[in-house]
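1. I would like to see how this sequence folds:
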Amino acid sequence: MNNIPLAERLRPSALEDYIGQEHLVGPDGIIRRMIESRRVNSFILWGPPGVGKTTLARITAARTEVPFYTLSAVTSGVKDVREVLERAEADARSVFSNGRPILFIDEIHRFNKSQQDSLLGAVEKGTVTLIGATTENPSFEVIRPLLSRAQVYTLKPLDTNGMERLLSRALEKDEILASRRIEVREKNALFRYAGGDARKLLNILDLIEQATPVGNSVVIDDHSVTESLQENPAAYDRNGEMHYDIISAFIKSIRGSDPQAAVYWLARMVAGGEDPKFIARRLVILAAEDIGLANPNALLLANASFDAISKIGWPEGRIVLSECAIYLANSPKSNTAYTAIDAALDEVSKSGNLPVPLHLRNAPTSLMKEMGYHSGYKYAHNYAGSYVEQQYLPDKIRDKEFWQAGNNQQEARMAERLETLKKRSDS
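-> Numbers count the residues shown, from 1 in each chain. From the prediction side, this is the model:
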């Protein structure tokens with residue numbers, strides 16, 4: 001047992017021992033409800049490392065008592081996927097089967113398109129229930145047909161309460177730690193370096209325990225944590241502990257128009273060996289979400305930066321990212337595109353599939369023409385300024401407004417143009 005890492009020794013096998021992700025596994029959590037009803041649909045778990053993605057997949061299979069297959073996207077190819085699917089299909093046909101086998105794919109974002117395509121048929125037919133795990137945004141890394149067949153659930157880093165519970169469990173339940181005299185004097189450094197990552201927290205405890213001679217008290221305080229990490233750089237990535245905090249600070253600095261802070265946080269990520277595509281991807285999102293229509297060129301530059309990074313990588317990529325970050329930080333800001341789509345989505349969730357007005361519908365057949373499809377539609381280009389007043393929204397929400405011009409010159413000009421066209425159309 002001494003050779004088994006603490007994180008593996010303490011891996012929970014029951015939902016009751018699982019720490020964190022209350023929104024998914026709490027009393028009203030969707031995954032808990034699926035497990036208890038034994039009707040598990042395909043889903044993808046998206047979250048940072050060490051928050052329990054693999055563990056939750058294993059618990060799901062154990063509680064539902066179905067066969068469990070696992071593949072690593074790092075080492076598996078299309079042939080491996082097909083072999084596993086064949087075995088799963090045989091299991092599903094077995095008279096002893098309790099339900100669809102679960103196929104767990106770790107780091108599913110590393111599967112290329114052909115590998116992901118090879119899963120589609122089995123997931124669609126119900127041969128397997130797919131559970132994927134990824135640290136990257138599935139919207140960018142998972143093909144759309146697969147995303148449409150698997151719900152995405154977001155996992156969060158452990159909060160302070162979760163790390164407290166994990167620490168207590170490790171000290172009380174682990175045989176090796178329970179056999180040692182352990183003094184917990186301070187937790188600040190332990191929790192700070194763990195950064196919400198359960199595996200990192202347990203790895204730190206492992207390091208300190210192993211570095212303390214048998215017979216001596218194992219002291220957990222800020223000094224022992226910092227000392228252990230400095231002495232074991234290969235065993236613990238000191239530059240990764242603030243991964244999500246630093247990207248958050250980076251984004252907020254750009255949003256707050258502070259190029260100095262933006263470059264500093266960028267440097268922290270570069271020095272820490274962060275994936276350049278991760279940074280570039282966040283800049284693309286930020287350009288649309290926080291700058292948007294106030295400066296549409298921001299999205300063009302951010303997308304060009306992502307493309308450049310894909311071609312050149314490190315170390316020259318730092319210059320591309322620096323240029324993009326400084327430009328975005330100095331750009332005027334607007335989140336109206338973000339708020340508009342969210343407002344429209346909220347309306348869709350409330351009012352459902354409202355019918356398209358007849359005059360906006362296409363009429364490729366004579367029957368459709370007889371039913372009034374396309375009748376009365378005004379072709380905008382036939383009017384001055386390519387604008388004519390007519391109804392484009394469904395009848396029920398014909399006067400709804402989702403986009404409001406932001407307080408910046410670009411959108412003020414857009415709003416002014418619309419107002420001018422409306423007045424001209426009315427006169």
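2. okay, and for the stretch 251-400 of the chain, where does confidence drop off?
-> Applying pLDDT under 70 to the stretch 251-400 of the chain flags no residue at all.
3. And the helices in the stretch 101-250 of the chain?
-> Along the stretch 101-250 of the chain, the segments classed as helices by DSSP state H, counting those that start in this stretch run 113-125, 138-141, 144-147, 160-173, 175-178, 188-194, 198-211, 222-231, 243-255.
4. right, and those - which one's nearest S76?
-> helix 113-125 (7.7 Å; C-beta to C-beta). Yep, even glycine has a C-beta here, placed from its N, CA and C like the rest.
5. so which of the helices of the stretch 101-250 of the chain is the most packed in?
-> helix 198-211 (a mean of 21; mean count of other C-beta atoms under 10 Å).
6. still on that earlier bit, export the helices of the stretch 101-250 of the chain to TSV and tack on distance to W314?
-> Converted to TSV, those look like this (distance: least, C-beta to C-beta, whole Å):
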stretch	distance to W314
helix 113-125	25
helix 138-141	20
helix 144-147	30
helix 160-173	32
helix 175-178	39
helix 188-194	25
helix 198-211	24
helix 222-231	24
helix 243-255	17
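7. Of all those, which one is nearest R268?
-> helix 243-255 (5.3 Å).
8. ok and the helix or strand that comes right after the closest one relative to helix 243-255, angle-wise?
-> Counting by DSSP states H and E, the next helix or strand C-terminal to helix 243-255 is helix 259-271. Interaxial angle, helix 259-271 versus helix 243-255 (axes from the mean of the first three to the mean of the last three C-alpha atoms, to 10 degrees): 150 degrees.
9. Now stretch 389-399: buried residues?
-> Residues 393-394 are the ones in stretch 389-399 that count as buried (16 or more other C-beta atoms under 10 Å).
10. Quick one: residues in contact with it.
-> With contact meaning C-beta atoms under 8 Å, 6 or more residues apart in numbering, stretch 389-399 is reached by 347, 351, 354-357, 359-360, 377-378, 400, 422, 425-426.
11. can you rerun that using 7 Å?
-> For stretch 389-399, contacts defined as C-beta atoms under 7 Å, 6 or more residues apart in numbering pick out 347, 351, 354-357, 360, 378, 400, 422, 425.
12. how about the CA coordinates for it, as CSV?
-> Extracted in CSV, the C-alpha atoms of stretch 389-399 (Å, rounded to 0.1, in the frame of the first residue of the first chain):
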residue,chain,number,x,y,z
GLU,A,389,-40.4,48.4,-41.9
GLN,A,390,-42.0,44.9,-41.5
GLN,A,391,-42.5,42.3,-38.8
TYR,A,392,-39.7,39.8,-38.4
LEU,A,393,-40.4,38.3,-34.9
PRO,A,394,-43.2,35.8,-34.2
ASP,A,395,-46.6,37.4,-33.5
LYS,A,396,-46.5,36.7,-29.8
ILE,A,397,-43.3,38.6,-29.2
ARG,A,398,-43.4,41.0,-32.1
ASP,A,399,-42.3,44.0,-30.0
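13. Name the residues of the top helix by length along the chain that come out as buried.
-> Using DSSP state H, we find that the single longest helix of the chain is helix 409-426. Buried residues in helix 409-426, defined by neighbour count with 16+ other C-beta under 10 Å: 410-411, 414, 421.
14. can you list those in TSV and add distance to I279?
-> Shown next, in TSV, are the buried residues of helix 409-426 (distance: C-beta to C-beta, whole Å):
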residue	distance to I279
Q410	26
E411	28
M414	31
L421	41
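15. nearest to K369, of those residues?
-> L421 (29.8 Å).
16. what's the distance between the spatially closest residue to that closest one that is not a sequence neighbour and N203?
-> Nearest non-adjacent residue to L421, counting by C-beta to C-beta, 6 or more residues apart in numbering: Y387, 4.1 Å away. To N203, Y387 is 63 Å away according to C-beta to C-beta, to the nearest Å.
17. before we move on, what about I31?
-> 26 Å.
18. ditto for G352
-> From G352 to N203 the distance is 49 Å (C-beta to C-beta).
19. these two touch, right, S322 and Y264?
-> No. If you go by C-beta atoms under 7 Å, S322 and Y264 don't touch, sitting 10.9 Å apart.
20. Tell me which of these two has more neighbours.
-> Neighbour count, other C-beta atoms under 10 Å: between S322 and Y264, S322 has more, with 17 against 14.
21. Which stretches in the chain count as strands?
-> Secondary structure of the chain (DSSP state E): strands at 43-46, 68-72, 102-106, 129-134, 151-154, 182-184, 218-220.
22. in its sheet, what does the third one sit against?
-> Sheet pairing here is set by DSSP bridges, and for strand 102-106 it gives strand 68-72 (parallel), strand 129-134 (parallel).
23. which residues touch that strand?
-> By C-beta under 7 Å, 6+ apart, strand 102-106 touches 54, 57, 60-61, 66, 68-73, 84, 88, 111, 128-133.
24. Reformat the strands paired with strand 102-106 into a markdown table and put mean neighbour count and mean pLDDT next to each item.
-> Compiled in a markdown table, the strands paired with strand 102-106 are given as follows (neighbours: other C-beta atoms under 10 Å; pLDDT from 0 to 100):
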| stretch | mean neighbour count | mean pLDDT |
| --- | --- | --- |
| strand 68-72 | 17 | 84 |
| strand 129-134 | 25 | 90 |
